[in-house]
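Novice: Sequence first, then the predicted structure, then my questions.
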Amino acid sequence: MDAIERALSMPAVSPAQLEGALEAACDVPALVREGDALEAAIRLAVLGGGKRLRPALCIAMYHFAGGGSAAGGTDNDNDNDTAAERARVTSVAVALELLHCASLVLDDLPCMDDDALRRGRPAVHAAHGPDTAMLAAAWLAMRAVESVALLAASSAAARPSSCAQDADILLRFARAGQAMARGQHLDLALTGGLQPPDESTVQAVHRGKTGELICAAAVCGALLARAQPEVVGAAQRCGTALGRAFQIADDLVDATRSCEDAGKPVGQDGPALRPTYVRAVGVQESRARVGQLLAEAQAALDDVAGAGDAAGMRALIQLVAVYGGQSL
């Protein structure tokens with residue numbers, strides 16, 4: 001069982017439940033005719049691959065923060081509460097992955113990173129054309145917002161005390177989406193520059209393109225668990241460090257791994273003069289940064305006495321370590 005499966009193999013949402021919910025979320029309303037290329041593009045973007053890191057992080061942090069404590073209940077009230085909680089967590093986990101997949105569709109476009117392969121298969125624009133790919137990305141982003149908005153609406157009636165947390169979750173989604181646009185724009189503006197970027201500039205790119213959504217996943221997990229402010233703060237620090245570590249690890253994958261191993265085109269960042277950590281500080285220093293950031297992520301968790309199960313979070317930290325060539 002790999003780290004993502006360990007993080008998901010917890011009472012809240014299983015891997016099979018998550019995949020089933022993602023497939024259901026990809027159903028396009030009947031106003032789009034059966035067999036339409038838009039639905040095919042949406043399904044290609046989401047289904048049949050992917051690390052599922054962001055939903056796994058949300059679920060793992062939910063359990064770390066004490067969520068899912070009713071999972072072992074046997075009476076009807078507990079069963080109903082558990083089902084409602086599972087639906088809440090699933091909605092946010094699905095929304096995180098949909099927004100992430102929307103960003104990948106856009107990243108791969110010829111006018112962006114110009115990648116024809118994603119997850120070992122043709123990128124959405126390569127299979128269905130850039131116009132359909134852009135529409136699929138827009139649909140996925142709005143479907144993610146809808147998922148969270150429906151959660152907030154249902155909670156307002158069933159549990160008014162959750163309204164503040166749900167509003168915070170929705171706000172974090174909106175800000176993560178805005179950050180991804182800013183980060184991609186900065187990445188494009190800096191690509192091709194002959195002068196290697198400094199570390200702070202690369203951090204700004206990473207924070208926007210990847211870091212904000214990964215951090216949001218961690219914080220949303222704590223908010224779903226109705227954690228105390230100090231635990232939410234620890235989730236924020238852990239998510240920030242994990243987001244930075246993961247994107248540096250991704251830069252290392254491009255510089256040091258094969259296309260077959262990575263499941264996507266690699267070896268492109270250097271020739272394109274993209275603003276990566278490897279270009280800013282080199283391979284060895286980038287690996288050192290991953291190790292430092294993962295230690296910060298673990299320290300953030302150690303700062304609070306988690307009320308729940310930390311196994312999922314430990315597994316995800318180890319996953320990012322392996323991805324970045326670390327040994328923890």
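Specialist: Here it is on my side, so go on. Numbers count the residues shown, from 1 in each chain.
Novice: for the stretch 151-300 of the chain, which spans come out with low pLDDT?
Specialist: By pLDDT under 70, the weakly predicted segments of the stretch 151-300 of the chain are 155-162, 262-263.
Novice: quick one: the helices in it?
Specialist: 163-190, 199-206, 212-224, 229-256, 259-262, 269-272, 277-281, 283-302 (DSSP state H, counting those that start in this stretch).
Novice: quick one, which of those is packed in tightest?
Specialist: helix 212-224 (a mean of 29; mean count of other Cβ atoms under 10 Å). C-beta here means a position set from N, CA and C on the backbone, and glycine is covered the same way.
Novice: helices and strands around that one, which ones?
Specialist: Contacts defined by 3 or more Cβ pairs under 8 Å, 6 or more residues apart in numbering; DSSP states H and E place helix 212-224 against helix 53-64, helix 76-108, helix 163-190, helix 229-256.
Novice: Would you format those helices as JSON lines with distance to residue 281 included?
Specialist: Compiled in JSON lines, the helices and strands packed on helix 212-224 are given as follows (distance: least, Cβ to Cβ, whole Å):
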{"stretch": "helix 53-64", "distance to residue 281": "24"}
{"stretch": "helix 76-108", "distance to residue 281": "23"}
{"stretch": "helix 163-190", "distance to residue 281": "15"}
{"stretch": "helix 229-256", "distance to residue 281": "9"}
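Novice: Out of the helices of the stretch 151-300 of the chain, which is closest to residue 14?
Specialist: Of all the helices of the stretch 151-300 of the chain, helix 212-224 sits nearest to residue 14, with 16.0 Å by Cβ to Cβ.
Novice: what distance separates that closest one from the middle of the whole chain?
Specialist: The chain centre lies 9 Å from the centre of helix 212-224; the measure is Cα atoms, centre = their mean, to the nearest Å.
Novice: do stretch 312-328 as well
Specialist: Relative to its parent chain, stretch 312-328 has a centroid offset of 15 Å by Cα atoms, centre = their mean.
Novice: Ok, stretch 138-147 next?
Specialist: With Cα atoms, centre = their mean, you get 15 Å for stretch 138-147.
Novice: Flag every buried residue along it.
Specialist: 139, 140, 141, 143, 144, 145, 147 (16 or more other Cβ atoms under 10 Å).
Novice: do you know how far the first one is from residue 102?
Specialist: Counting by Cβ to Cβ, to the nearest Å, the gap between residue 139 and residue 102 amounts to 8 Å.
Novice: And for the fifth one?
Specialist: Distance, residue 144 to residue 102, using Cβ to Cβ: 7 Å.
Novice: wait, what's in contact with the residue nearest the centre of the chain?
Specialist: Nearest residue to the geometric centre of the chain (Cα atoms, centre = their mean): residue 54, 2.9 Å. Residue 54 makes contact with 93, 96, 97, 100, 213, 214, 217, according to Cβ atoms under 8 Å, 6 or more residues apart in numbering.
Novice: Repeat the analysis, applying 10 Å as the threshold.
Specialist: Residues counted as contacts of residue 54 (Cβ atoms under 10 Å, 6 or more residues apart in numbering) are 92-93, 95-101, 176, 210, 213-214, 216-218, 220, 243, 246.
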